[in-house]
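1. got a structure for you, letters missing:
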């Protein structure tokens, strides 16, 4: 399995490129910006982009999505509870970064809790982890013992809950039920910052 991480955009979002070595099909998680760099990485590995997934729909995780769609025609999926945030993407980007990013990406379909997203040999279990946003999800790749947690859980911290749709008790309950229920050796790959493990966060995260 191929895994590449790019820290993209002004807010340094972790964009993950997962590739199946057998089929050369790929998934991109959270293309926060810098679509040319993401496309270059796909090309370097000889990968065809099969689909784009968002752990949640805050604008900083989506700015590279439409350019990727235009270059590859790959469909984009997210949890339905975050669809309203996609519609607000231009307004929120203007407020935060001072520029208009253009039309938001086209949504091809929803990510449902319990669903398994399969691309070649890649299998990602969708776990609904609201609290940072209403439609936040964690994508768990059990074969490689990795969890892509978006902005729910970070190394030593948790996602902010002061944005529209955020809720502190909901976030902590989501982390407890959907992420800390994984074995301690599962690697946590967050939306920002370094990787960690479930066990490390269970033992040392001051918010948990």
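-> Thanks, I have it. On a predicted model such as this, the values are computed, not experimentally measured, just so you know.
2. so where does residue 41 fall, helix or strand?
-> Using DSSP states H and E, residue 41 sits in helix 35-44.
3. for that helix, packing partners?
-> Packing partners of helix 35-44 (3 or more CB pairs under 8 Å, 6 or more residues apart in numbering; DSSP states H and E): strand 2-8, strand 13-19, strand 25-29, helix 65-72. (Each C-beta comes from the backbone N, C-alpha and C, glycine too.)
4. with mean pLDDT and distance to residue 195 added, can I get the ones you listed in a markdown table?
-> Output for the helices and strands packed on helix 35-44, formatted as a markdown table (pLDDT from 0 to 100; distance: least, CB to CB, whole Å):
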| stretch | mean pLDDT | distance to residue 195 |
| --- | --- | --- |
| strand 2-8 | 97 | 8 |
| strand 13-19 | 98 | 9 |
| strand 25-29 | 98 | 14 |
| helix 65-72 | 97 | 23 |
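5. nearest to residue 155, of these?
-> Closest of the helices and strands packed on helix 35-44 to residue 155 is strand 13-19, at 11.3 Å (criterion: CB to CB).
6. partner strands of that closest one, with direction?
-> Strand 13-19 sits in its sheet next to strand 2-8 (antiparallel), strand 25-29 (antiparallel), going by DSSP bridges.
7. can you count the residues close to the residue nearest to residue 173 when sequence neighbours are not counted?
-> In this structure, residue 173 finds its nearest non-sequential neighbour in residue 131, 7.4 Å apart by CB to CB, 6 or more residues apart in numbering. Residue 131 has 23 neighbours, counted by other CB atoms under 10 Å.
8. nothing else from me, thank you.
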